[in-house]
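> Dropping a prediction and its sequence here:
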Amino acid sequence: MRLYSLSVLYKGDPKVHLLKAAYDVSTFNFFQRSSVQEFMTFTSQLIVERSELGSRASIKEQEYLCHVYVRSDGLAGVVIADNEYPQRVCFTLLDKVLEEFSRQVSRIDWPSGSPATISYAALDGYLSKYQVRTPGG
């Protein structure tokens, strides 16, 4: 069971943009890592774009399960995990991250923010903490 990506996005008008993200691509071949990360970023944005405000969903994309939560204020989170990772845990993580993010990052920064300008360092820690370590894996 693995988590590959945890992203915070803003569903603005007219488009969705990434505010902050963390990735764990360590299980992929070194030469695949950047393209896998790009795929996850693109997929996260696409899923948020296609989701309604105030909705939650789990979408299968290739061998991944993408869990999305778009709050009614436009703040959105996406977790990309493997098929075995428990859905309930993903949504608990998304609730926690979006709540904390909205307390630490001013709402006026959401529409114009980017990973370079948003100061929120907790995603890597959450991705690591929620990673399920299997014996020998």
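Yes, it's here.

> so what's Leu65 scoring on pLDDT?
Looking at Leu65, its pLDDT reads 97.

> Same check on Leu94?
98.

> repeat for Gln62
On the pLDDT scale, Gln62 gets 88.

> Let me see the backbone angles for the residue nearest to Gly54 when sequence neighbours are not counted.
Distances taken as Cβ to Cβ, 6 or more residues apart in numbering put Ser72 closest to Gly54, at 4.3 Å, once the chain neighbours are dropped. Quick note: C-beta positions are derived from backbone N, CA and C, even for glycine. The phi and psi torsions at Ser72 (degrees, to the nearest 10) take the values phi -70, psi -20.

> For burial, what's the neighbour tally of the closest residue to Lys11 other than its chain neighbours?
For Lys11, ignoring the flanking residues on the chain, the nearest one in space by Cβ to Cβ, 6+ apart is Gly74 at 4.6 Å. The number of residues packed around Gly74, counting by other Cβ atoms under 10 Å, is 18.
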